[in-house]
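In: Can you look at this prediction? I've put the sequence above it.
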There are 2 protein chains.
Amino acid sequence: MIASRHNPAVRRVRALTHKRARDQTGLYLAEGIRLVAQALAVGAPVQEVIVAPELLRSDFARTLVERSQTAGMPILIVTPDVFLSFSVRERAQGLAAIVRQRWAGLAEMRPQRDARWVALWEPQDPGNLGAILRTSDAVGASGVILLGASTDPHDPTAVRASMGAIFSQRLVRASFAEFTRWASEQGCAVVGAAGGAAMDYRTYHYTAPFALLMGSEQHGLTAEQQAACDALVRIPMVGGSDSLNLAVATSVILYEAFNQLGAPVGRQHEFARA
Amino acid sequence: MIASRHNPAVRRVRALTHKRARDQTGLYLAEGIRLVAQALAVGAPVQEVIVAPELLRSDFARTLVERSQTAGMPILIVTPDVFLSFSVRERAQGLAAIVRQRWAGLAEMRPQRDARWVALWEPQDPGNLGAILRTSDAVGASGVILLGASTDPHDPTAVRASMGAIFSQRLVRASFAEFTRWASEQGCAVVGAAGGAAMDYRTYHYTAPFALLMGSEQHGLTAEQQAACDALVRIPMVGGSDSLNLAVATSVILYEAFNQLGAPVGRQHEFARA
């Protein structure tokens, strides 16, 4: 059991709370019993499990650790103090995992006939990005394409807000030009959201494959970006605000498309807690 | 110009970043040019404007301060260092306001025929609560009823995420029993969201007045709470997650009701940035 915060292995774990170390290593940290269980269940590339036995409060978590050990997974056993040195949760549950990032190249992406994608121009808030991954997973979308200087989907806040969707949604990084070229080549309609759009998001007839393109929290889409879209839709609003939260706006439109098109082929409806 | 972080007036401002001081004083802090402008524009009960002239980067903000001064509003002028001692924004804009909290009593609320409300059981995340206030405002709902041990809507994160909706949405605190009694007396249908519900949120026929009741992020609604609802709806999901982000789920259902019922009487559609 490692008891020192200065242990090199512990330093490496703690470094993953910073973007620079995540970029350098291609790894990230998934913290919490539920996230670690999901990572193992869906076969995410877990490199190491970190456990603070004295913090573990659940038999489920203990079984998870035992099974990982039996399966030959490297386990780092630490004291509560060491665990808290990298924990970002309010209440540390004593279980975390180091996972390898998986980025897909846009060129490899051949959207299937029924595919739906989310493309985000420079989202800044990791909580928003995580919530969007979660909704994207819920409506059976294929993944999220991050355009420009986006926040990091492997930021601990984004990972946590994704509620495990980080393990299943495909993640792609691209420039705006690469994205529109790809969409055009693949016959993937680009539907942009803009407050000035003439068409209500419910009037638009969604056809798959499509990519819903959302601008950044502060600036939305530029006029040039809007001009590059196959269609532009707006969400009606009657209050004093002139916009919705980015994750909310993305999700409201994604659910409209989901309601129009039904679940993608091969995905069954499952009904779960709202 | 106040240059000391230890000045009593500055201490009082800084204390408002903590719930205890907000509860004791009934005040809260709205930080940022946009929020202060909105507070003044809608006639929110602003007690004092705080300005760090050296941080102000916009003529709009300077005009705002001058007008407030002319109108006799108390102005606290501070150095950038003092301003940063209470700022919670990544980039301080040099403008903030102290605003008096306004809580409405449930007993005074007589929902109009066309009213829509949001009721939240013990929401824990101030960012979620702020985003819900923002959507609630956007669909013309009357306000948000906070049930049980809710997070504070006047937390700086919630205030900021509300994008000014904190100034216009009515805020009510109540116990669950008080809420259901009130809804029943007022003929206000309680529509609860639950993953186990038989009815798709789009199949339900929304009738105003209604209150959309959402459970907490972690636990949803209890069986007893679900039993107290007039109707239960679920949002379909096809991915690995068994729930959506609370602000997302609330907003998806609110927009369905909005789409079915149209804007409340007296509210015109305005089309703004999505």
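Out: Yep, it's here.
In: rest of the way, CA atoms for contacts and neighbours
Out: Noted.
In: between the longest helix seen in chain A and helix B:246-261, how many degrees?
Out: Longest helix of chain A, by residue count under DSSP state H: helix A:246-261. Calculated by axes from the mean of the first three to the mean of the last three CA atoms, to 10 degrees, helix A:246-261 forms an angle of 50 degrees with helix B:246-261.
In: Any buried residues in helix A:246-261, and which?
Out: Within helix A:246-261, the residues scored as buried using 16 or more other CA atoms under 10 Å in any protein chain shown are A:246-258.
In: Go through the residues of the stretch 101-250 of chain A and report the one nearest to chain B.
Out: As assessed by CA to the nearest CA, chain B sits closest to A:Gly195 within the stretch 101-250 of chain A, at 2.9 Å.
In: ok, that residue - how many residues close by?
Out: 22 (other CA atoms under 10 Å in any protein chain shown).
In: Who are the contact partners of A:Gln225?
Out: Not one residue lies near A:Gln225 by CA atoms under 8 Å, 6 or more residues apart in numbering or on different chains.
In: Chain B contacts on the stretch 101-250 of chain A?
Out: Residues of the stretch 101-250 of chain A lying near chain B by CA under 8 Å from any CA of the partner chain: A:131, A:134-135, A:137-140, A:161, A:163-165, A:193-196, A:220, A:234-249.
In: now the helices: where do they sit in the stretch 51-200 of chain A?
Out: For the stretch 51-200 of chain A, the helices defined by DSSP state H, counting those that start in this stretch cover A:59-70, A:80-84, A:126-138, A:156-161, A:165-168, A:176-186.
In: outside of the last one, which residues touch it?
Out: Going back to what we said before, that points to helix A:176-186. A:106-107, A:110-111, A:121, A:147-148, A:189-190, A:211, A:228.
In: Please apply the same query to the fourth one.
Out: Under the criterion CA under 8 Å, 6+ apart, residues A:17, A:29-31, A:35, A:88, A:126-131, A:134, A:152-153, A:166, B:245 lie in contact with helix A:156-161.
In: Equivalent analysis for the second one, please.
Out: Contacts with helix A:80-84, where a contact means CA under 8 Å, 6+ apart, come from A:2-5, A:10, A:51-55, A:92, A:94.
In: Now render those as TSV, adding neighbour count and distance to chain B.
Out: As requested, the contacts of helix A:80-84 are exported to TSV (neighbours: other CA atoms under 10 Å in any protein chain shown; distance: CA to the nearest CA, whole Å):
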residue	neighbour count	distance to chain B
A:Ile2	17	32
A:Ala3	14	32
A:Ser4	15	33
A:Arg5	18	29
A:Val10	20	29
A:Val51	24	23
A:Ala52	22	23
A:Pro53	18	24
A:Glu54	11	23
A:Leu55	18	20
A:Ala92	19	15
A:Gly94	25	18
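In: With pLDDT and distance to B:Ile98 added, can I get the residues you listed in TSV?
Out: Shown next, in TSV, are the contacts of helix A:80-84 (pLDDT from 0 to 100; distance: CA to CA, whole Å):
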residue	pLDDT	distance to B:Ile98
A:Ile2	95	48
A:Ala3	95	46
A:Ser4	96	45
A:Arg5	96	42
A:Val10	96	43
A:Val51	97	45
A:Ala52	97	44
A:Pro53	96	46
A:Glu54	96	44
A:Leu55	96	41
A:Ala92	93	35
A:Gly94	96	40
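In: possible to save those as a markdown table with distance to B:Ala174?
Out: Converted to a markdown table, the contacts of helix A:80-84 look like this (distance: CA to CA, whole Å):
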| residue | distance to B:Ala174 |
| --- | --- |
| A:Ile2 | 48 |
| A:Ala3 | 47 |
| A:Ser4 | 47 |
| A:Arg5 | 45 |
| A:Val10 | 46 |
| A:Val51 | 41 |
| A:Ala52 | 40 |
| A:Pro53 | 40 |
| A:Glu54 | 39 |
| A:Leu55 | 35 |
| A:Ala92 | 31 |
| A:Gly94 | 36 |
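In: residues contacting A:Arg134?
Out: A:161-166, B:241, B:244-245.
In: Can you give me the separation between A:Gly43 and B:Ala71?
Out: According to CA to CA, to the nearest Å, A:Gly43 stands 63 Å off from B:Ala71.
In: which stretches of chain A aren't confidently modelled?
Out: Along chain A, the model assigns pLDDT under 70 to residues A:267-274.
In: what domains does the record give for it?
Out: Using automatic domain parsing, the domain ranges for chain A come out as A:8-100, A:106-261.
In: What is the nearest of the buried residues of helix A:246-261 to B:Ser216?
Out: B:Ser216 lies nearest to A:Val248 out of these, by CA to CA, at 17.3 Å.
In: Tell me which residues touch the nearest residue to the closest one once chain neighbours are set aside, please.
Out: Using CA to CA, 6 or more residues apart in numbering or on different chains and skipping the chain neighbours, the partner closest in space to A:Val248 is B:Val248 (5.0 Å). B:Val248 sits next to A:131, A:247-248, A:251-252 when contact means CA under 8 Å, 6+ apart.
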